[in-house]
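*Asks:* 3D model of this:
(one chain, ligands or ions: 1)
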Amino acid sequence: MQKVENKQPRPAFGGKVTRTLHVLGNEENPRKGLLSIGNYMALDHSRGAAVYLDALKPHAVLICGKRGYGKSYTMGCLLEELSLLEPDIKKRLASFVIDTMGIFWTMNYPNTFEAPTLKSWNLAPVGFEAEIFVPEGMVEAYRKRNINVKPFSIPMRELSGNQWCRIFNIEEVSPPGILLVRAIESLRERGDTYSFEEILSEIARDTRSDEASKGAVENYFRAVNSWGLFSKEGISLTELISGGRTTILDVNTLENENVCAATVSILAGKLYEARLEARRVYEKKLMGEKFFEEEFPMVWLFIDEAHIFVPAKTEGLASRVLINRCLRQGRQPGLSLVLATQRPASLHPDVVSQSDLLICHRLTASDDILALEASRPLYMQESIQAYLKKMGSERGAALIVDDHSESVHLVRIRPRLSWHGGGEPNALEPYDEEESSENSNQP
Ligand SMILES: Nc1ncnc2c1ncn2[C@@H]1O[C@H](COP(=O)(O)OP(=O)(O)OP(=O)(O)O)[C@@H](O)[C@H]1O
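*Replies:* Residues are numbered from 1 along each chain as shown. Sure, this is the predicted structure:
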């Protein structure tokens, strides 16, 4: 961890002001591109110096913790901090959230709910500009709830016959599977985009399948159409992501986990390709070549409920791209990945071992602690369990393991500036009509 003299005054959030700047994730950070995540937590739980994460370099971050102890809250803090970066750095970065719980749209609103807590940290509520995308078929439902959203869709041709089979949970070698693969591959071979209706006609035209298989596959595709996620053309990556923007793709209405995983796989694959190309352009620019098109930004991809996408025991539809591309090779093209899970034991072990920053909130299940323990780096002097015991049961407290500086830190994550949408509802919470009408611009 970098410890240099702190000449610039940095916020200490009401904690200790020290002469050193504590930056996790980059030994050589030149005091730029810093994410203010909170304060050190002393053993007596008093507030220590401010702690920062580096945002100049790409990172693989794993956030874990049992239900309700701050995973999505911490993700929200990181998103806020990326939005607050210096303009010259911010314009080269983009944040992209795959929101499986539908909780990040509230980022647009200030956190007036926790204003007193924020005040005790010398902070004030702030709403951020985040663009929310939802599957095309759900736009109206969101707009009726006064949530401003944009339509998102994936071109039908992005999915192979094999991927469709996995989404529908049918064997590729079963009669409907054989028909489906044949129809999709023949459409894809023609090289053009195709619509839902064109898939149905291709199935009807098939001369080698029986009527029962045709009926079954047709039914599967009619169900797909009702999700409103796929279309002929789809949305381009540059419509979703550009430098300086925060984009939230709310997929919580998709009940089928395989379709969520297929979406993640397609998007993460495209991000990786786009960043590889951007990296080539960057190298050529360094060599003196001139390029006039806008550079595709370095992306921070956030995914909650990561065990759905990179499960421990099976290979999910998104496993390969997330592990092989984003985690193992993402650093070179400049792709950061932030994964969160309540169940480290259900997560592919490579996620733990390949993450360069582990942010661990309270965990109590022994198999989860053991899963982290199995990849515990040698430089950790005590067991994960011992550190977690010191950390206690405070919400928002976290053990951070930084692989760059090979060090371990107990940190209290700062409160959210924007409204947190993931808190537990409280049956006892009073509903004050007067206050509610005063705050009518809040979610
Ligand atoms: N850093 C923090 N500062 C203050 N309060 C916090 C902090 N982190 C979490 N909390 C409190 O804990 C609650 C639960 O946090 P959060 O919604 O992030 O849980 P979670 O771990 O994502 O849970 P789940 O697994 O159910 O999604 C928040 O609503 C907030 O009240």
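*Asks:* all contacts plus neighbour counts: C-alpha atoms, from now on.
*Replies:* OK.
*Asks:* quick one: contacts for the residue in the stretch 151-300 of the chain that the ligand sits nearest to?
*Replies:* Nearest residue of the stretch 151-300 of the chain to the ligand, counting by C-alpha to the nearest ligand atom: N252, 12.8 Å away. Counting by C-alpha atoms under 8 Å, 6 or more residues apart in numbering, N252 makes contact with D99, T100, M101, G102.
*Asks:* among those, which are in strands?
*Replies:* Of the positions in those, D99 sit in strands, assigned by DSSP state E.
*Asks:* what's the closest of the contacts of N252 to the ligand?
*Replies:* Closest approach to the ligand among these (C-alpha to the nearest ligand atom): M101, at 7.9 Å.
*Asks:* re earlier: and the nearest residue to the residue of the stretch 151-300 of the chain closest to the ligand once chain neighbours are set aside, how many residues sit next to it?
*Replies:* Spatial nearest neighbour of N252, chain neighbours left out: T100 (4.6 Å); criterion: C-alpha to C-alpha, 6 or more residues apart in numbering. Counted by other C-alpha atoms under 10 Å, the residues lying close to T100 total 21.
*Asks:* wait, what's in contact with T100?
*Replies:* T100 sits next to D250, V251, N252, I303, D304, E305 when contact means C-alpha under 8 Å, 6+ apart.
*Asks:* L229 contacts V139, correct?
*Replies:* No. With contact defined as C-alpha atoms under 8 Å, L229 does not count as touching V139 (10.8 Å).
*Asks:* Those two: who's more crowded?
*Replies:* Neighbour count, other C-alpha under 10 Å: between L229 and V139, L229 has more, with 23 against 18.
*Asks:* dump the residue contacts of the closest residue to G76 other than its chain neighbours.
*Replies:* Distances taken as C-alpha to C-alpha, 6+ apart place R416 nearest to G76, at 7.0 Å, with adjacent residues excluded. If you count contacts by C-alpha under 8 Å, 6+ apart, R416 has them with Y73, G76, C77, N111, L118, P125.
*Asks:* And for L357?
*Replies:* G25, H59, A60, V61, L62, I400, V401, D402, D403.
*Asks:* what does the chain put close to the ligand?
*Replies:* Selection of the chain residues close to the ligand by C-alpha under 6 Å from any ligand atom yields 65-73, 342, 395-396, 413-415, 422-423.
*Asks:* hmm, try it at 5 Å
*Replies:* Residues of the chain found near the ligand (C-alpha under 5 Å from any ligand atom) are 67-73, 395-396, 413-415, 422-423.
*Asks:* For those residues, which ChimeraX command selects only the ones that are buried?
*Replies:* Listed next is the ChimeraX selection for buried residues among the residues of the chain next to the ligand, using 16 or more other C-alpha atoms under 10 Å:
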select :68,69,70,71,72,73,395,396,413,414,415,422
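*Asks:* From the residues of the chain next to the ligand, which land in helices?
*Replies:* K71, S72, Y73 (DSSP state H).
*Asks:* mind putting the contacts of L357 in CSV, pLDDT and neighbour count included?
*Replies:* Output for these, formatted as CSV (pLDDT from 0 to 100; neighbours: other C-alpha atoms under 10 Å):
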residue, pLDDT, neighbour count
G25, 95, 26
H59, 97, 24
A60, 97, 24
V61, 98, 23
L62, 98, 27
I400, 96, 20
V401, 95, 26
D402, 95, 23
D403, 94, 19
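*Asks:* of all these, which comes closest to K285?
*Replies:* Ranked by distance to K285 (C-alpha to C-alpha), the contacts of L357 are led by H59 at 23.9 Å.
*Asks:* Averaging pLDDT per element, find the lowest-scoring helix or strand in the protein.
*Replies:* Taking mean pLDDT, DSSP states H and E as the measure, the helix or strand of the chain with the lowest value is strand 2-5, at a mean of 42.
*Asks:* Tell me the buried residues in the host helix or strand of A115?
*Replies:* Under the criterion of DSSP states H and E, A115 resides in helix 115-120. Neighbour-count burial for helix 115-120, counted by 16+ other C-alpha under 10 Å, picks out A115, L118.
*Asks:* switch to numbering from 10
*Replies:* OK, 10 is where the count begins now, so the last one is helix 124-129.
*Asks:* Quick one: mean pLDDT over that helix.
*Replies:* In this model, helix 124-129 carries a mean pLDDT of 95.
*Asks:* Walk me through the domains of this structure.
*Replies:* 66-159+245-422, 164-240 (the TED database).
*Asks:* Which residues are in contact with the closest residue to the ligand within the stretch 210-359 of the chain?
*Replies:* Residue of the stretch 210-359 of the chain nearest the ligand, by C-alpha to the nearest ligand atom: Q351 (5.4 Å). Shown in contact with Q351 (C-alpha under 8 Å, 6+ apart): C73, G74, K75, R76, E314.
*Asks:* residues near G47, how many?
*Replies:* Applying other C-alpha under 10 Å, we find 28 residues neighbouring G47.
*Asks:* Kindly list the main-chain dihedrals of it?
*Replies:* Note on G47: backbone dihedrals following degrees, to the nearest 10 are phi 160, psi -150.
*Asks:* Count the residues that sit near E206.
*Replies:* Neighbour count of E206, defined by other C-alpha under 10 Å: 13.
*Asks:* Now do the same contact list for M110.
*Replies:* M110 neighbours (C-alpha under 8 Å, 6+ apart): D259, V260, N261, D313.
*Asks:* try it again with 10 Å
*Replies:* Applying C-alpha atoms under 10 Å, 6 or more residues apart in numbering to M110 gives the contacts S81, D259, V260, N261, T262, D313, E314, G430, G431.
*Asks:* What of L397?
*Replies:* For L397, the contact set (C-alpha under 10 Å, 6+ apart) comprises C369, H370, R371, L372, T373, I378, A406, A407, L408, L419.
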